[in-house]
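**Student:** Give me coordinates for this.
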Amino acid sequence: MAFNFNNFKKKTEDLAQKGADWAQLGMNKATQVANVAKLKAANLSEEETIRKAYAELGKRYYMTHGMAPSVEFADIIQQIEASKAAILANNAKIVDLKEKADLPSDDIVFEMNVEDLPTQPAAAPEQQQAAEETVEELKFDD
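**Tutor:** Next up is the predicted model:
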């Protein structure tokens, strides 16, 4: 059986073409995925813009009609007012707790066993270190 160089050349060219086609397909898919990701990120940004606009709209409505809201908005205004009252109550409790934290409690009792007290006053760190060095100097070699 003889080696057919032309047949081998044709098969390698076909294989090279298939590789190039697969590479192009991969590039197309990567570009598609990147473009989809960019558009999704843009959508998230637009949704955040809408959320902020809704909040601003609600804030402006509350400022202008909060005391006399329309019937369809009365429940929401009532929720806002209840939340504001709860915040004020919580802030008052916070102030009260902070003031109580600064004062010692009458319920706290300190117990101390006299036997646990030192019999001699504690030495200053410099004196204690000097005493330890002196003890080391007095040790004798056997």
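**Student:** and residue 72, how many neighbours does it have?
**Tutor:** Residues within reach of residue 72, counting by other C-beta atoms under 10 Å, total 7. The C-beta positions use only the backbone N, C-alpha and C, and glycine is treated the same way.
**Student:** Please determine how far it is located from residue 50.
**Tutor:** Between residue 72 and residue 50 the computed distance is 21 Å (C-beta to C-beta, to the nearest Å).
**Student:** and if you look at residue 90?
**Tutor:** Taken as C-beta to C-beta, the span from residue 90 to residue 50 is 31 Å.
**Student:** In which helix or strand does residue 69 reside?
**Tutor:** Per DSSP states H and E: residue 69 is located in neither a helix nor a strand.
**Student:** show me the contacts for it.
**Tutor:** 76-77 (C-beta atoms under 8 Å, 6 or more residues apart in numbering).
**Student:** and the gap between it and residue 98?
**Tutor:** In terms of C-beta to C-beta, residue 69 sits 36 Å off from residue 98.
**Student:** mind giving me the domain split of the chain?
**Tutor:** Following automatic domain parsing, the chain resolves into domains at 1-65, 67-99.
**Student:** export those domains to a markdown table and tack on mean pLDDT and distance to residue 115?
**Tutor:** Listed next are these as a markdown table, based on pLDDT from 0 to 100; distance: least, C-beta to C-beta, whole Å:
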| stretch | mean pLDDT | distance to residue 115 |
| --- | --- | --- |
| domain 1-65 | 91 | 67 |
| domain 67-99 | 92 | 38 |
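**Student:** Of all the ones you listed, which one is nearest residue 113?
**Tutor:** Minimum separation from residue 113 across the domains of the chain (C-beta to C-beta) falls at domain 67-99, 33.4 Å.
**Student:** got the buried residues for that closest one?
**Tutor:** 69, 77 (16 or more other C-beta atoms under 10 Å).
**Student:** quick check: longest helix of this structure.
**Tutor:** In the chain, assigned by DSSP state H, the helix with the most residues is helix 5-65.
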